[in-house]
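Chemist: Here is a sequence together with a model predicted from it:
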Amino acid sequence: MSEDTHSGPGEDVPDRPGGTANFFRAINVQRNAKAGFGIGVVLALGLLALIVSNAGSSDYPVFYYAGLAFVLATGVGLLLTMVFTVGSLVRKVRELD
């Protein structure tokens, strides 16, 4: 039988100098996500407090508004994370030029 000279899955593979994790670290995705979702949560809680305080005679229970606040916080968080990350990427590209 002949020896297999190709490395298979699970065998020693040299580390790549770049990689996706290093790319995400370079454009600060984790910091951008914390900032984006933080702003989204603050905005949603502020609007929820405003709506609940004025919804005394509403036909809908408060937990419906809480569900809408969750959707708003998630949507704004994702949108701001994307905007902040694209901004970081543009700055990093300009830095390389």
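Modeler: Noted; the coordinates are in hand. Numbers count the residues shown, from 1 in each chain.
Chemist: for this protein, which spans come out with low pLDDT?
Modeler: Low-confidence segments of the chain (pLDDT under 70): 1-18, 57.
Chemist: Name the residue closest to the centre of it, please.
Modeler: The centre of the chain sits closest to Ala33, judged by C-alpha atoms, centre = their mean, with a distance of 4.0 Å.
Chemist: Show me what the helix or strand containing that one packs onto, helices and strands only.
Modeler: If you go by DSSP states H and E, Ala33 is part of helix 29-54. Contact here means 3 or more C-beta pairs under 8 Å, 6 or more residues apart in numbering; DSSP states H and E; on that basis helix 29-54 packs against helix 62-96. C-beta: built from backbone N, CA, C; applies to glycine.
Chemist: Could you give the separation of the helix it packs on from the chain centroid?
Modeler: Here helix 62-96 shows a centroid-to-chain-centroid distance of 6 Å under the convention C-alpha atoms, centre = their mean, to the nearest Å.
Chemist: Hey, what's the angle from it to helix 29-54? Just curious.
Modeler: 150 degrees (axes from the mean of the first three to the mean of the last three C-alpha atoms, to 10 degrees).
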